[in-house]
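**Student:** Kindly generate the corresponding structure for this input.
(chains A and B)
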Amino acid sequence: DQQVKQNSPSLSVQEGRISILNCDYTNSMFDYFLWYKKYPAEGPTFLISISSIKDKNEDGRFTVFLNKSAKHLSLHIVPSQPGDSAVYFCAAGGSQGNLIFGKGTKLSVKP
Amino acid sequence: GAGVSQTPSNKVTEKGKYVELRCDPISGHTALYWYRQSLGQGPEFLIYFQGTGAADDSGLPNDRFFAVRPEGSVSTLKIQRTERGDSAVYLCASSLRPDYNEQFFGPGTRLTVL
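**Tutor:** Now for the predicted structure:
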């Protein structure tokens, strides 16, 4: 039973446009959520996080939105760049320390 | 750089053999995590250390898997009697402390069991 779900395995976006990656979760006890970016043969790299008490966090071109009532979060990348092409993982954490990851969404940004 | 390092980067072994995977966390990070990533999946939690002790080992799939962190820094994940289903990328991460959200990941060790 997946607690964190990324229902879109892939997404293709034109350079300069907005990329929106979505994530749903089932456990309302999660304290925080994170997005990681992963290139092939590398470990995941932290992008941005959001506490469960907030509904938005912004860092440069990256913004994460949290809708607790819908148990849904999204990552917006504006404007998208070819170097953003990677697999993006949504993760959730609580008091126990370990993270629970979704299966990832492969983003392709076309020039 | 001073990131998380993992050795070896690749390990090929035969079914039934014993393997050890090593993780060097970022200096000063007290919390260390092991995850396993299979093809097409996200990382799955295995075990987490706070200092020298295993604070949560609920993700270890069975008693063939064991991990240690004797001095509170380097950690070794040990797999006995490897099976083909153990083939995956094993990721290590560290964080400043358990309540610090961001975990920094190493590049992983790709384990292949023939």
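**Student:** For burial, what's the neighbour tally of A:Pro40?
**Tutor:** For A:Pro40, the count of nearby residues is 6 (other CB atoms under 10 Å in any protein chain shown). For glycine as for every other residue, the C-beta is placed from the backbone atoms N, C-alpha and C.
**Student:** so B:Ala88 sits right up against B:Val113, yeah?
**Tutor:** No: the criterion here is CB atoms under 8 Å, and B:Ala88 misses it with B:Val113 at 9.4 Å.
**Student:** Tell me the gap between stretch A:87-98 and the middle of its chain.
**Tutor:** In terms of CA atoms, centre = their mean, to the nearest Å, the gap separating the centre of stretch A:87-98 from the centre of its chain is 10 Å.
**Student:** That stretch - what's its average pLDDT?
**Tutor:** For stretch A:87-98, mean pLDDT is 89.
**Student:** for stretch B:87-105, same thing?
**Tutor:** 87.
**Student:** Pull out the buried residues from that stretch.
**Tutor:** Across stretch B:87-105, burial judged by 16 or more other CB atoms under 10 Å in any protein chain shown covers B:87-95, B:98, B:101, B:103-105.
**Student:** Direction included, what does the helix or strand hosting B:Arg36 pair against?
**Tutor:** Assigned by DSSP states H and E, B:Arg36 falls within strand B:31-37. Its sheet considered, strand B:31-37 pairs with strand B:44-50 (antiparallel), strand B:88-95 (antiparallel) by DSSP bridges.
**Student:** Run a quick check on B:Arg84 versus B:Val113, I expect a contact.
**Tutor:** Yes: the pair B:Arg84 and B:Val113 passes the contact test of CB under 8 Å, sitting 5.0 Å apart.
**Student:** who has more neighbours, the two?
**Tutor:** The neighbour count for B:Arg84 versus B:Val113, taken as other CB under 10 Å, is higher for B:Val113 (19 against 10).
**Student:** The more buried one pairs with what?
**Tutor:** Going by DSSP bridges, B:Val113 forms beta bridges with B:Thr13.
**Student:** residues touching it, list them.
**Tutor:** B:Thr13, B:Glu14, B:Lys15, B:Lys17, B:Thr82, B:Glu83, B:Arg84, B:Gly85, B:Asp86, B:Ser87 (CB atoms under 8 Å, 6 or more residues apart in numbering or on different chains).
**Student:** Find the nearest non-adjacent residue to the residue most central in space within chain B, please.
**Tutor:** Centroid-nearest residue in chain B, with CA atoms, centre = their mean: B:Trp34, separated by 3.3 Å. Excluding its sequence neighbours, the residue lying closest to B:Trp34 (CB to CB, 6 or more residues apart in numbering or on different chains) is B:Leu46, at 4.2 Å.
**Student:** What score does that neighbour have for pLDDT?
**Tutor:** Confidence score, pLDDT, at B:Leu46: 97.
**Student:** all strands for the chain, in order.
**Tutor:** All of this refers to chain A. Residue ranges of the strands in chain A, as given by DSSP state E, are A:4-5, A:10-14, A:19-25, A:32-38, A:45-51, A:56-59, A:62-67, A:72-77, A:86-93, A:99-101, A:105-110.
**Student:** wrong chain, I was asking about chain B
**Tutor:** Secondary structure of chain B (DSSP E): strands located at B:5-7, B:10-13, B:19-24, B:31-37, B:44-50, B:53-56, B:65-68, B:75-79, B:88-95, B:104-105, B:109-113.
**Student:** looking at those, which has the lowest confidence?
**Tutor:** Among the strands of chain B, strand B:53-56 scores lowest, at a mean of 90.
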